[in-house]
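S.K.: Give me a model of this one.
(6 chains)
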4 protein chains.
Amino acid sequence: MTGETILPSRPDVPKRRGRQRSLVVQAAILKATGELLEKKPLREITADAIARRAGVSKATLYKWWPNKNLIAVDAFEARMNEIVPIPDTGSAEKDFIEQFKSAIDFYKSPGGRIICQFIAEGQSDSDLLALFRERFVKPRREGPRLMWQRGVERGEIRPDVDKELFLDLIYGPMIYRLLVGHCPLDHTQAEAIIAAVFQGMKAIPS
Amino acid sequence: MTGETILPSRPDVPKRRGRQRSLVVQAAILKATGELLEKKPLREITADAIARRAGVSKATLYKWWPNKNLIAVDAFEARMNEIVPIPDTGSAEKDFIEQFKSAIDFYKSPGGRIICQFIAEGQSDSDLLALFRERFVKPRREGPRLMWQRGVERGEIRPDVDKELFLDLIYGPMIYRLLVGHCPLDHTQAEAIIAAVFQGMKAIPS
Amino acid sequence: MTGETILPSRPDVPKRRGRQRSLVVQAAILKATGELLEKKPLREITADAIARRAGVSKATLYKWWPNKNLIAVDAFEARMNEIVPIPDTGSAEKDFIEQFKSAIDFYKSPGGRIICQFIAEGQSDSDLLALFRERFVKPRREGPRLMWQRGVERGEIRPDVDKELFLDLIYGPMIYRLLVGHCPLDHTQAEAIIAAVFQGMKAIPS
Amino acid sequence: MTGETILPSRPDVPKRRGRQRSLVVQAAILKATGELLEKKPLREITADAIARRAGVSKATLYKWWPNKNLIAVDAFEARMNEIVPIPDTGSAEKDFIEQFKSAIDFYKSPGGRIICQFIAEGQSDSDLLALFRERFVKPRREGPRLMWQRGVERGEIRPDVDKELFLDLIYGPMIYRLLVGHCPLDHTQAEAIIAAVFQGMKAIPS
DNA sequence: GAATAAACGAGACGGTACGTCTCGTCTTATG
DNA sequence: CATAAGACGAGACGTACCGTCTCGTTTATTC
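M.R.: Purely as a prediction, here's the structure:
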């Protein structure tokens, strides 16, 4: 289980007998973890540190989450619920350029770096990776998916290419460069990538 | 330092005074590490295990390598020196399809999975990441780079798009799917990706 | 801190919040250490060996004791609480001869040899030496002190010589020979030493 | 073997075939060890440190000495060859008081503390202890032995008490207090000990 | 003078213990 | 009875020192 289930925090539910502190405790844990994530990489955050900072027993941590990685997912999600507005310029390519630029800005920011850490840790923690896909990849692809949809409807984007492939064509290079750092990644690159994706690499027969 | 420096083993260099660094020992360490890498993920490999398996003192490990990750790089490289032949069908697109398919096969194999682990560990070990770029990313991009060159010369590939960007457009989506696993990655996908990269996403005005 | 503080086990003290220090664990550590002390010299006993034998984590050792020497003190004390009865023959000199003989027997036994090891290790571990004085030297001198008292009261021993000096006059030569081994140390010597101490070395003017 | 054997340096002995043992090297080792002994306790001196300071290979150390403790004995002896003059006041008791005071001064000095370390290390290194007896205990008892002799001849000291026992009666308490530190040890104590040894502990029947 | 042999420096090496750290579980007293 | 406090077993970490070994160099004796 991950804390997610408590987030709706339905106040109408008849309260259980006994102690009701749960929600306070869960929130404290997520808050503490979120703060720690800002200060140090996921790998260096210890369960003890989370418990200490949250003023919570370590046993409580393990009661609600199987390990600290999954706490981090919940904690990170809690700070990520701001909806990223998707642009609507009337041109799919321009929409993507704009969105892609702000995506790059985000992924290069401290907050975005945490995403990389989830992918990294996910390589040896399949639960984490699965949750990451569910909670971050899927929802965050919704906006671009909509932009793609509009582009197809407006006849700007080829309808015969798989939507997911289209998205990976754009975000794949970004993630790759972000993780490996073999090439720069900035607004200039953003425009070049979008242009390349749209125009294709085939030489125009002149 | 990483073991690399001993590999050239220039016999003309005047040997130092004391006991010479034992090539047998270095080889045993790399061999042991390589074998362990086949059996378990990098994260689960311990310095003790390498030392034990190689019949070597732990101090010797730390004398020559700063940590086990960099041993793993050297060990993995030692098993990777087979040159991947690049296809030459006469068509750049066909060349890329073929090469891309075998790249995917490799990255999905146990050996290729180790690459993912390097990227993962590299997120919290910048020395590892730098070495990884130098030893794996750079050399392995040589083949595709040549294929790109030929494609440009034959007038099949646009010369005005940065070579590195072109490569990331192809391999970025692969790495992304490999690491995150949100979409399938097989020969069919390989063809679709190459086709998309070449033809571009812009709808053909009919 | 050394385990001592738990031994009185005052049940009236309000217990702390969390899990209590396990007496079973402490006992196992002391038992294991005691058994090891019987088999090998203190210097050759390792923290790992104690932990392994006690079925205990090494961290637990270091949590309660700063190092293995102080564990050994506690362990040794635990096996030493048998009170050595002091003789009461009516003659101070005879009392001392008897007590001194059994002291020598003890110090030459495996158990007594441990005392020498404490003194030896104490030369480079002042905490150990201080604890040794407090736990062994002081209590074990009580009996002889009482014998001295009786001798003084009965008018057999000069009251004007410092009690501690008197004791060192007897036990000093024993310790010296025990540690350095330059001269024999047996019951015959015991009698000779006591006689010499009582009668003095001054030639009797005839 | 310990370096001692080279000291006689018999030049008539037919020299062996190869390169000769370098006296410079031996001297450098002893000098370096002596200097280290002044700065830190024997236990903390490492073979590497000696080798480094002497500008000598560690192998050379182990070629001529079985371990660092025995080097230390040789090194310490080299700085100890000053002959301690024994007093001759005409009174044995006064002689002993004077000699005992300067003995205490020495044993409490940094140099004298090394003696304690030899005894301490000797408890787990019988070679060291044997050598210590031979090189230090035996020769340093010569002076007091002579004083005893004169006292006996002058009719001041009882001739029927074993000479060694007499010496231990004096130096035993000193060593004991020196090693264990349970009682003070100074010039006042020196006088009291000698007085007690001479006069005996028996109450004078009045 | 060349061959031979040991001493020597440098320093690599296997072994072993150190004391610390984090993990995830378990126990106990408190609210 | 859910928690906090925190003890605990397991086991990896990277460091330190030990005493041995293997080189290449130096210094002497012997042929």
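
S.K.: contacts, neighbours, all on C-alpha from now
M.R.: OK.

S.K.: Please identify the buried residues of the helix or strand containing A:T33?
M.R.: For A:T33, the host element (DSSP states H and E) is helix A:22-39. Neighbour counts using 16 or more other Cα atoms under 10 Å in any protein chain shown place A:V25, A:Q26, A:A27, A:A28, A:I29, A:L30, A:K31, A:A32, A:T33, A:G34, A:L36, A:L37 of helix A:22-39 among the buried residues.

S.K.: list the helices and strands whichever strand or helix holds A:S102 packs on?
M.R.: Applying DSSP H and E as the criterion places A:S102 in helix A:92-108. For helix A:92-108, the packing partners by 3 or more Cα pairs under 8 Å, 6 or more residues apart in numbering or on different chains; DSSP states H and E come out as helix A:110-122, helix A:142-153, helix A:163-180, helix A:187-199.

S.K.: For C:A54, find the nearest of those.
M.R.: Between C:A54 and the helices and strands packed on helix A:92-108, the tightest spacing by Cα to Cα is seen for helix A:110-122, at 36.3 Å.

S.K.: so does the closest one get close to chain B?
M.R.: Yes. With Cα under 8 Å from any Cα of the partner chain as the criterion, chain B is reached by helix A:110-122 at A:C116, A:Q117, A:I119, A:A120, A:E121.

S.K.: quick one on the thing from earlier: could you export the helices and strands packed on helix A:92-108 as TSV, including mean pLDDT and mean neighbour count?
M.R.: Listed next are the helices and strands packed on helix A:92-108 as TSV, based on pLDDT from 0 to 100; neighbours: other Cα atoms under 10 Å in any protein chain shown:
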stretch	mean pLDDT	mean neighbour count
helix A:110-122	94	20
helix A:142-153	95	17
helix A:163-180	98	21
helix A:187-199	97	20
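
S.K.: Using JSON lines, please lay out those together with distance to D:E134.
M.R.: Output for these, formatted as JSON lines (distance: least, Cα to Cα, whole Å):
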{"stretch": "helix A:110-122", "distance to D:E134": "65"}
{"stretch": "helix A:142-153", "distance to D:E134": "89"}
{"stretch": "helix A:163-180", "distance to D:E134": "69"}
{"stretch": "helix A:187-199", "distance to D:E134": "83"}
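
S.K.: Out of those helices, flag the one nearest D:F96.
M.R.: Nearest to D:F96, of the helices and strands packed on helix A:92-108 and by Cα to Cα, is helix A:110-122 at 77.4 Å.

S.K.: coming back round to it: relative to B:K68, which of the helices and strands packed on helix A:92-108 is closest?
M.R.: Short answer: helix A:110-122, nearest of the helices and strands packed on helix A:92-108 by Cα to Cα, at 17.4 Å.

S.K.: And for the residue of chain A found nearest chain C, nearest residue in space, chain neighbours not counted?
M.R.: Chain C sits closest to A:S57 of chain A, with a gap of 10.1 Å, by Cα to the nearest Cα. Closest residue in space to A:S57, ignoring its immediate chain neighbours: A:A51 at 5.7 Å, by Cα to Cα, 6 or more residues apart in numbering or on different chains.

S.K.: from memory that neighbour sits against A:K68, does it?
M.R.: No. Under the criterion of Cα atoms under 8 Å, A:A51 is not in contact with A:K68, lying 10.3 Å apart.

S.K.: shared neighbours of these two, anything?
M.R.: Contact criterion Cα atoms under 8 Å, 6 or more residues apart in numbering or on different chains; residues shared by A:A51 and A:K68: A:L61.

S.K.: Contact partners for whatever residue of chain A ends up closest to chain B?
M.R.: With Cα to the nearest Cα, the shortest gap between chain A and chain B falls at A:G200, namely 3.2 Å. By Cα under 8 Å, 6+ apart, the contact set of A:G200 is B:A196, B:V197, B:F198, B:Q199, B:G200, B:M201, B:K202.
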